[in-house]
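> quick one: sequence plus predicted model below, questions after.
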Amino acid sequence: MRRAINLIIANAIPVAATLLWLAAMAAAAEPPSRGLTNIFAPESTPAHSIFKLSMFVLTITGIIFVVVFSLLVYSLVKFRSTAANDDHEPAQVYGSNQIEMAWTIIPILIVVVLFMASARVIHAVQDVPKPESAIEVTAIGHQFWWEFRYPKQGIVTANELHIPVSDPAHPTPTFLKLLSADTDHSFWVPKLAGKTDLIPNRTNEMWMDPRHTGVYLGQCAQYCGTQHAKMLLRTTVDSKEDFEAWVRAQQKPAVQDEQVSAGRRVFETTACINCHTVSGTAANGRFGPDLTHLMSRSTIASGAAPNTTEQLRLWIQNPEAIKPGSLMPAMKLSDPELNQVVQYMQSLQ
């Protein structure tokens, strides 16, 4: 009997510790960096709704755990056997309508309450009307990077999503249409919204209305292949003025700098143009990210490396060194050609 009590306590301690940790995280102040993928610090209406539902479910399940565990301990202590030769069975109870009603009705009520609470949040998040001021973005998941298209602004970019902050007095939410170019993916920025899957031949939607500027991190949350773990994304929430300035910069054509014309010729005469697009050039591929304003991004390879000269050179020369399993081939350029292409890429502001 003592072994049974010890076993129950040993199994219950990790569960209790987890519940206490979750409660502490929920009560903690907002972390200093908004980039942390913390679901307990929501910065958008959908994320806040999901957070409140999560804490409600956690509270109910925590109460169930405490009640069941307390009854188990009470039963073990109250009815434990102390006599060495006491091997008779205790009094058996049969046909207790009260007990049967209790363990039938109470779980049904709990399930109904959780169902209604979940349905309410799902309706509030999925069926919200789209205002005229909303920013529309089409997010396309690829192996293993993100493509972002702004149809009203005529912008195409990759891996780093820019959206404006949404002032409650003048809401500017961002609505995303989610598509997949190959296999299943899942878009998830924990502080801004719940995860939503991108499924081939199906259109899903989600929205977010961040309250503060900053960079919010996320990634693909559905296993999609070898480099799923490095299919990262960065959502930059700009002030209204900064977002408008970013839009104007992205709408400009690629700069045609004569000083990097040699690198442009190398770029346009290799397989690069089959996968990438650079506006105003012969490159119009769709298999890889649009490179028209490559240097406006802080990372490359879907967030796997910083966008520096050294990392960009390594990415072109040997993608496997940064992202094993990447679908981008090594270009096999000579050192002079590689230097010229890197210089050309760095001119794409």
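Nice, thanks for sending it over.
> quick one: contacts for Asn318?
Taking CB atoms under 8 Å, 6 or more residues apart in numbering as the criterion, Asn318 is in contact with Ala330. C-betas here are computed from N, CA, C, even on glycine.
> could you tell me how far it is located from Asn159?
20 Å (CB to CB, to the nearest Å).
> same check, this time on Val66
Relative to Asn159, Val66 is positioned 45 Å away (CB to CB).
> neighbour-wise, which of the two wins?
Applying other CB atoms under 10 Å to Val66 and Asn159 shows that Asn159 carries more neighbours, namely 21 against 13.
> these two touch, right, the more buried one and Ser302?
Yes - look at Asn159 against Ser302 with CB atoms under 8 Å: they come within range, at 4.8 Å.
> tell me which helix or strand in this protein has the weakest average pLDDT.
Sorting the helices and strands of the chain by mean pLDDT, DSSP states H and E puts helix 2-27 at the bottom, at a mean of 47.
> helix or strand for Leu178, which one?
strand 174-180 (DSSP states H and E).
> also Val137?
Val137 is located in strand 135-142, with elements delineated by DSSP H and E.
> partner strands of that strand, with direction?
According to DSSP bridges, strand 135-142 forms sheet pairs with strand 145-150 (antiparallel), strand 174-180 (parallel).
> what residues sit buried inside it?
Using 16 or more other CB atoms under 10 Å as the test for burial, strand 135-142 gives Ile135, Val137, Thr138, Ala139, Ile140, Gly141, His142.
> same check on stretch 251-258?
Residues of stretch 251-258 classed as buried: Ala254 (neighbour count, 16+ other CB under 10 Å).
> give me the contact list for that stretch.
So stretch 251-258 is contacted by 153-155, 264, 278-281, 292-293, 347-349 (CB under 8 Å, 6+ apart).
> how about a cut-off of 7 Å?
Stretch 251-258 has contacts (CB atoms under 7 Å, 6 or more residues apart in numbering) with Gln153, Gly154, Ile155, Val278, Ser279, Gly280, Thr281, Thr292, Ser347, Leu348, Gln349.
> again, but for stretch 120-133
Here stretch 120-133 has contacts from Pro46, Ser49, Ile50, Leu53, Pro171, Thr172, Pro173, Phe175, Trp207, using CB under 7 Å, 6+ apart.
> next secondary structure element downstream of the least confident helix or strand of the chain?
Per DSSP H and E, the helix or strand that comes after helix 2-27 is helix 45-78.
> helices and strands around that following helix, which ones?
Counting contacts by 3 or more CB pairs under 7 Å, 6 or more residues apart in numbering; DSSP states H and E, helix 45-78 packs against helix 2-27, helix 97-126.
> Arg313 should be in a helix, yeah?
Yes - counting by DSSP: H, G, I helix; E, B strand; the rest coil, Arg313 is found in a helix.
> residues contacting the closest residue to it other than its chain neighbours?
Leaving aside its sequence neighbours, Arg313 sits nearest to Val342 (CB to CB, 6 or more residues apart in numbering; 5.0 Å). Contacts were defined as CB under 7 Å, 6+ apart; by that measure Val342 touches Thr309, Leu312, Arg313, Ile316.
> so which of those residues is the closest to Ser75?
Leu312 (66.0 Å; CB to CB).
> not counting sequence-adjacent ones, nearest residue to the most centrally placed residue in the chain?
By CA atoms, centre = their mean, the chain has its centre lying nearest to Trp188, at 2.0 Å. Leaving aside its chain neighbours, Trp188 sits nearest to Lys195 (3.5 Å; criterion: CB to CB, 6+ apart).
> now do that neighbour against Gln222, distance only.
8 Å.
> just name the most buried of the strands paired with strand 135-142.
Among the strands paired with strand 135-142, strand 145-150 has the highest mean neighbour count (mean count of other CB atoms under 10 Å), at a mean of 22.
> elements contacting the next helix or strand after that strand?
On the C-terminal side of strand 145-150, the closest following helix or strand by DSSP H and E is strand 155-158. Other helices and strands packing on strand 155-158, by 3+ CB pairs under 7 Å, 6+ apart, are strand 145-150, helix 240-251.
> swap the cut-off to 10 Å and go again
strand 135-142, strand 145-150, helix 240-251 (3 or more CB pairs under 10 Å, 6 or more residues apart in numbering; DSSP states H and E).
> would TSV of the ones you listed with distance to Gly285 and mean pLDDT be doable?
Listed next are these as TSV, based on distance: least, CB to CB, whole Å; pLDDT from 0 to 100:
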stretch	distance to Gly285	mean pLDDT
strand 135-142	12	96
strand 145-150	12	96
helix 240-251	19	94
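> in JSON lines: the ones you listed, plus distance to Leu232.
JSON lines is the format used below for the helices and strands packed on strand 155-158 (distance: least, CB to CB, whole Å):
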{"stretch": "strand 135-142", "distance to Leu232": "12"}
{"stretch": "strand 145-150", "distance to Leu232": "9"}
{"stretch": "helix 240-251", "distance to Leu232": "20"}
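> sweet, I'm off.
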